[in-house]
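>>> Compute the structure for the input listed below.
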Amino acid sequence: MELIRKGLIAITGTTGVGKSQLAIELARKLNGEVINADALQVYKGYDIITNKVTAEEMLGVPHHLLDFKEYTVQEFERDALQKIHEIHGRNRVPILVGGTNYYIQSVMFQKEPGSPQGGSTGVQPNDHSFEQSQVDKSNQQLWEELKSVDPIMAENWHPNNRRKILRSLEVLHTTGRKHSEWVADSEEARRKEETLRFPTLLFWLYADTPVLNQRIDNRVGDMIERGLFGELGQLAKDLSDPRAEFEAYLKAAATDSKTSELECEQLKAKGIEDMKTSTRRYAKRQITWIRNKLIPECRSTLGKSTRAHPFVLDATDLGQWKSEVMNKGLSIAQKFVGSAQLPEAAAVSDTAARLLAEVKEKPNSILAWKRHFCSVCSKSAEETPNGVALEVWLNGDDEYNQHMHSRQHKHNIKHRKRVSSWHKKDGDDARGCDAPLSKRANTNLESTGD
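Residues are numbered from 1 along each chain as shown. Modelled structure (predicted):
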């Protein structure tokens, strides 16, 4: 029973994959209690907007940090750790569940992995005296200065990221050592030290994107039927800050508005579609965090005494929930709680093997990052609506590769080929495919490649 007292089960995944359902099912079988790790569901009220599990759905399983208060991540970490300690004291199993992965990661690990500071440098960033002493320098001047004294760190920061550039310069100014040297020492120490707080079993619930998108759309419809717009109106009154997707509709629907009924319905319909789109994008960001940060961080513990064991459960087909999610999850969890040998994670399913093969073996090192410039998607000042040149920089290989496969980048490649063919017809192919995009190109460009 020792592992029960000191272990932790965590469940993550995108919105709409059944995380809460699995947590409740496992808790009932394993004598467990659920700790919410969703940044929105910790708020008191707004049950429909945040899609909270209902009292009936809890099936008597104790839930903690749900419908509670507004949190900073530090406050959540403190209170979640206290709840885990209390649950261990009752000889029960804590089950941490939610889609806010930095909440989950802050509880699992003693330090938040991937911090851009790379560990302690002995410099307190709250003293603004150094920042004030540099106020007369432009962003470009500061970046050039950093490049001259610490080129490794300069390559990590965009010239307009004044805060991080100042931080790197401040470290050198205060300690006499380059920020990159502090980061290297910190990462080396991190590879050797025990960072995981508890032996942890992590379940990543996954659903294929087309199925998940349809599930998200259906969920929005269910929320509307349950009274979403009533909560949105209350949210606007309480916080003067409704969901951005419905701000125009709520203003138009006000009693003193002169907007026609037809226009109101059109705004409402647009808000619904925008909500579906933003939720899909959020799901995509959740997967990116799990794949690039959380799972690699778990893998970094496998050579240490306290380990995290990540498993993928395929929740694509809800008709196979019992066999593919519930039964497989329970079998693995029972072995974990009973200190038995765990199965190979890649052998759980074909989906698990595929996803885990795509995950990095270890977390990215900030010192290995490289900034990439995309000439295909950048524009000259003459070809932007506001007359300001647009340079598209990608931070790190992951972001660069994502951008290279984005629809926007592929669209811009095709556009350049067309421009090149036009110039060749005119006898002028000097600019070729490296020319900035013309005004006819899509101007809604994000350097993230989304």
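
>>> all helices in the stretch 201-350 of the chain, in order from the N-terminus.
Taking DSSP state H, counting those that start in this stretch as the test, the helices found in the stretch 201-350 of the chain are 209-226, 228-239, 247-252, 261-289, 295-299, 328-337, 350-358.

>>> Of all these, which one is nearest R407?
helix 261-289 (12.8 Å; Cβ to Cβ). Every C-beta, even on glycine, is put in place using the N, C-alpha and C of the backbone.

>>> Just the angle for the closest one relative to helix 350-358, thanks.
70 degrees (axes from the mean of the first three to the mean of the last three Cα atoms, to 10 degrees).

>>> okay, the angle between helix 261-289 and helix 209-226?
Here helix 261-289 runs at an angle of 130 degrees relative to helix 209-226 (the same axes, to 10 degrees).

>>> what comes up buried for helix 261-289?
Using 16 or more other Cβ atoms under 10 Å as the test for burial, helix 261-289 gives 264, 267-268, 271-272, 275-276, 279-280, 283, 286-289.

>>> list the helices and strands that helix packs on?
helix 101-108, helix 209-226, helix 247-252 (3 or more Cβ pairs under 8 Å, 6 or more residues apart in numbering; DSSP states H and E).

>>> Of these, which is nearest P343?
helix 101-108 (21.2 Å).

>>> buried set for the closest one?
For helix 101-108, by 16+ other Cβ under 10 Å, it's 101-108.

>>> from those, which single one is nearest S148?
Nearest to S148, judged by Cβ to Cβ, of the buried residues of helix 101-108 is Y102 at 34.2 Å.

>>> how about the helix or strand hosting Q408: buried residues?
Using DSSP states H and E, the element containing Q408 is helix 407-425. By 16+ other Cβ under 10 Å, the buried positions in helix 407-425 come out as 408-409, 411-412, 415-416, 419-420.

>>> Out of the buried residues of helix 261-289, the closest to A389 would be?
Nearest to A389 among the buried residues of helix 261-289, with distances taken as Cβ to Cβ, is T288, at 28.5 Å.

>>> Let me see the contact set for the closest one.
Going by Cβ atoms under 8 Å, 6 or more residues apart in numbering, T288 touches no other residue.

>>> Against Y282, how distant is it?
11 Å (Cβ to Cβ, to the nearest Å).

>>> ok so, going back, could I have the helix holding Q408 exported to CSV, CA atoms only?
Output of helix 407-425 as CSV, limited to C-alpha atoms (Å, rounded to 0.1, in the frame of the first residue of the first chain):
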residue,chain,number,x,y,z
ARG,A,407,-1.8,26.0,-44.7
GLN,A,408,-0.7,29.6,-44.8
HIS,A,409,2.9,28.8,-45.7
LYS,A,410,1.8,26.4,-48.4
HIS,A,411,-0.6,29.1,-49.7
ASN,A,412,2.3,31.6,-49.9
ILE,A,413,4.6,29.1,-51.7
LYS,A,414,1.9,28.7,-54.4
HIS,A,415,1.5,32.4,-54.6
ARG,A,416,5.2,33.0,-55.1
LYS,A,417,5.2,30.5,-57.9
ARG,A,418,2.4,32.3,-59.6
VAL,A,419,4.3,35.6,-59.2
SER,A,420,7.4,34.1,-60.5
SER,A,421,5.6,32.8,-63.6
TRP,A,422,4.1,36.2,-64.2
HIS,A,423,7.5,37.9,-64.0
LYS,A,424,9.0,35.3,-66.4
LYS,A,425,6.2,36.1,-68.9
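
>>> Now do it, average pLDDT.
For helix 407-425, mean pLDDT rounds to 81.

>>> Give me the residue ranges of the stretch 201-350 of the chain where confidence is low.
229-247, 249-250, 252-259 (pLDDT under 70).

>>> again, 90 this time
216-279, 282, 285, 288, 292-293, 297, 300-306, 339 (pLDDT under 90).

>>> With adjacent residues omitted, what lies nearest to A333?
Closest residue in space to A333, ignoring its immediate chain neighbours: L26 at 5.5 Å, by Cβ to Cβ, 6 or more residues apart in numbering.

>>> buried stuff in stretch 179-190?
179-184, 186-187, 190.

>>> before we move on, back to that, out of the helices of the stretch 201-350 of the chain, nearest to Y400?
helix 261-289 (13.9 Å).

>>> Would you mind getting the angle between that closest one and helix 101-108?
Using the same axes, to 10 degrees: helix 261-289 against helix 101-108 is 40 degrees.

>>> where exactly do the strands run in the stretch 1-150 of the chain?
Using DSSP state E, counting those that start in this stretch, the strands of the stretch 1-150 of the chain run over residues 8-13, 32-36, 63-64, 93-97.

>>> Distance to D317, mean pLDDT and mean neighbour count added to those, as JSON lines?
Shown next, in JSON lines, are those (distance: least, Cβ to Cβ, whole Å; pLDDT from 0 to 100; neighbours: other Cβ atoms under 10 Å):
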{"stretch": "strand 8-13", "distance to D317": "15", "mean pLDDT": "96", "mean neighbour count": "26"}
{"stretch": "strand 32-36", "distance to D317": "25", "mean pLDDT": "93", "mean neighbour count": "25"}
{"stretch": "strand 63-64", "distance to D317": "27", "mean pLDDT": "74", "mean neighbour count": "20"}
{"stretch": "strand 93-97", "distance to D317": "21", "mean pLDDT": "96", "mean neighbour count": "26"}
